[in-house]
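Q: take a look and give me a structure for this.
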Amino acid sequence: MTHVEDELTSQPACWTRAAAQAADHAEMLPVPGERVAIVGCGTSYFMAQAAAALREGAGQGETDAFAASEFPYGRAYDRIVALTRSGSTTEILDLLGRLRGRTRTTAITADPNTPVRTAADRLAVLDFADERSVVQTRFATTALTLLRAHFGLHPDTAVTDARTALTEPLPEGLVDCAQFTFLGCGWTVGLANEAGLKMREASLSWSEAYPAMEYRHGPISVTTSGTATWMFGEAPAGLAEQVRSTGGLWIEGRLDPLAELVRAQRLAVAVAAARGLDPDRPRHLTRSVILAP
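A: Residues are numbered from 1 along each chain as shown. A predicted model of the protein is given here:
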């Protein structure tokens, strides 16, 4: 078993633990009414997108998500939440350094013994969700679970659905597809983006992600026999029928959307195995992106 396989199967236990700890971290996480930005890089950026949409959609305050390298320093926020598994990513540390003394910052990390310890004002540590694989799975979803629980938006069904996602067979023919498109609405757009990234990282697949309604404005033109389109959450009316009419494989998201992401992680590992690739060590990637000064 690869590290990433072992790590992704541990997610139900990690989510349970994170949800139970949400109250312990409440004072360092956003409170209703605050104007908040959630930042990250790569996978963490896509988790930031999901968390920001969840919070603002629940009426808890304006919430933006940014790649750390694209943060708009001219905007005023009450709090910045940085997601960083490694605690050493250059763009995150630069951002926290520039904001020190100006804006309250909290970092959610897997490794507190890294430069983020002194870069952020407060630290929420999820060391039990740390990973050996370069490809992120459980840390990302556990950090999002912590925020979902803090926002009061973590359903009891999420963990149960995650267990189902780990045991149900993948749809027949899915692993053999040549191209994968992931779709979302609202907060699940971030999850769709992350599913597409997982496929590219772990299995070198041609994969894309879009808001579901945008998919019909052009991208559906590449859908055909031998491609798959996977919906996170409820699909817009008529979309499933449109995809099936192209000859493409339609995958309906029946589980909690975060559990659907676990299914997509399994797909990435399965396709990697079918292609003889090592998903623990994707080409050109490292655990943390540290840029030379």
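Q: just for the stretch 1-150 of the chain, where's the confidence low?
A: Nowhere does the stretch 1-150 of the chain drop to pLDDT under 70.
Q: the same query, at a cut-off of 80, please.
A: By pLDDT under 80, the low-scoring segments of the stretch 1-150 of the chain are 1.
Q: hey, where'd the helices end up in it?
A: Under the criterion DSSP state H, counting those that start in this stretch, the stretch 1-150 of the chain contains helices at 3-9, 11-21, 43-57, 90-99, 116-119, 138-150.
Q: tell me which of these sits nearest to residue 174.
A: Minimum separation from residue 174 across the helices of the stretch 1-150 of the chain (C-beta to C-beta) falls at helix 3-9, 16.6 Å. The way it works is simple: take the backbone N, C-alpha and C, and place the C-beta from them, glycine included.
Q: how about the contacts made by the spatially closest residue to residue 8 that is not a sequence neighbour?
A: In space, and not counting its chain neighbours, residue 8 is closest to residue 137: 4.2 Å by C-beta to C-beta, 6 or more residues apart in numbering. Contacts for residue 137 (C-beta atoms under 8 Å, 6 or more residues apart in numbering) come out as 4, 7, 8, 11, 131, 198, 262, 265.
Q: next one: phi and psi at residue 137?
A: phi -140, psi -70 (degrees, to the nearest 10).
Q: neighbour-wise, which one of the contacts of residue 137 leads?
A: residue 198 (32 neighbours; other C-beta atoms under 10 Å).
Q: how about it, secondary structure?
A: helix (DSSP: H, G, I helix; E, B strand; the rest coil).
Q: neighbours around residue 226, how many?
A: There are 13 residues near residue 226, going by other C-beta under 10 Å.
Q: isn't it right next to residue 177, touching?
A: Yes. With contact defined as C-beta atoms under 8 Å, residue 226 counts as touching residue 177 (5.9 Å).
Q: about what we covered before: most tightly surrounded among the helices of the stretch 1-150 of the chain?
A: Ranked by mean neighbour count, the helices of the stretch 1-150 of the chain are led by helix 138-150 with a mean of 27 (mean count of other C-beta atoms under 10 Å).
Q: now the helix or strand that comes right after it, how far from the centre of its chain.
A: Next along the chain after helix 138-150, taking DSSP states H and E as the criterion, comes helix 157-167. Per C-alpha atoms, centre = their mean, to the nearest Å, the displacement of helix 157-167 from the mean C-alpha position of its chain is 17 Å.
Q: please work out the average pLDDT along whichever helix or strand comes after helix 157-167.
A: Counting by DSSP H and E, the next helix or strand C-terminal to helix 157-167 is strand 179-184. Averaging pLDDT along strand 179-184 yields 98.
Q: repeat for stretch 216-226
A: pLDDT averaged over stretch 216-226 gives 92.
Q: swap in stretch 276-289?
A: The model assigns stretch 276-289 a mean pLDDT of 70.
Q: report the buried residues of stretch 120-128.
A: Within stretch 120-128, the residues that qualify as buried are 120, 121, 123, 124, 125, 126, counting by 16 or more other C-beta atoms under 10 Å.
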